[in-house]
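Participant: Quick check, what structure comes out for this input:
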Amino acid sequence: MITNKELMCEEIRKLDPRVRFVGLINDKGHLIAGGMAEGRKPLEDTKKDEMLYLELALRVKMRQEFDEELGPVRFAMSYRDKVLVMSFPLEKEVLLVSAEKELDFAKFPFSALKIIQEHS
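Facilitator: Below you'll find the model as predicted:
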């Protein structure tokens, strides 16, 4: 059975063929929905995936310390040599997206936010 969370991940993955990964990470750093796009190989091993997820969960919690003064974070982005990584803090989870660097990062995050809002 496909859950609403899985459906959301799939809709975001379908926004652009350059998307490599869309996954929902809980506050403990565990992948609970989504995953690698079909036909794509991860750039890191499984053990490093777990470290990345936990680091992401912690970073989101740290950013929330400034929500009162600056407003909540809607998304954050890292432009790396090999990949573009975006995180979208949700109520209890974080949506993680990785894509090829050629992704239109001026438009994509806002399209993803629209889908996230439709599933909230």
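Participant: The most centrally placed residue in the chain in helix, strand or coil?
Facilitator: Residue closest to the mean C-alpha point of the chain, counted by C-alpha atoms, centre = their mean, is Leu96 at 1.4 Å. Assigned by DSSP: H, G, I helix; E, B strand; the rest coil, the conformation of Leu96 is strand.
Participant: And for it, nearest residue in space, chain neighbours not counted?
Facilitator: Ranked by C-beta to C-beta, 6 or more residues apart in numbering and with sequence neighbours excluded, the top spatial neighbour of Leu96 is Gly23, at 5.1 Å. C-beta here means a position set from N, CA and C on the backbone, and glycine is covered the same way.
Participant: And the one you found, how far from Ala106?
Facilitator: Noted for Gly23: a distance of 23 Å to Ala106, by C-beta to C-beta, to the nearest Å.
Participant: neighbour count winner among the two?
Facilitator: Relative neighbour count places Gly23 above the other of Gly23 and Ala106, with 23 against 7, counting by other C-beta atoms under 10 Å.
Participant: On the pLDDT front, check the more buried one for me.
Facilitator: We have a pLDDT of 94 for Gly23.
Participant: What separation do you get for it and Met51?
Facilitator: Per C-beta to C-beta, Gly23 is found 14 Å from Met51.
Participant: which residues touch the residue nearest to the centre of the chain?
Facilitator: For Leu96, the residues meeting the contact criterion (C-beta atoms under 8 Å, 6 or more residues apart in numbering) are Phe21, Val22, Gly23, Leu24, Ile25, Tyr53, Leu56, Val85, Met86, Ser87, Phe88.
Participant: and it, bridged to which residues?
Facilitator: Each beta-bridge partner of Leu96 is listed here: Gly23, Ser87, as defined by DSSP bridges.
Participant: and it, how far is that from Glu69?
Facilitator: 25 Å.
Participant: repeat for Lys114
Facilitator: From Lys114 over to Glu69 the distance is 26 Å, taken as C-beta to C-beta.
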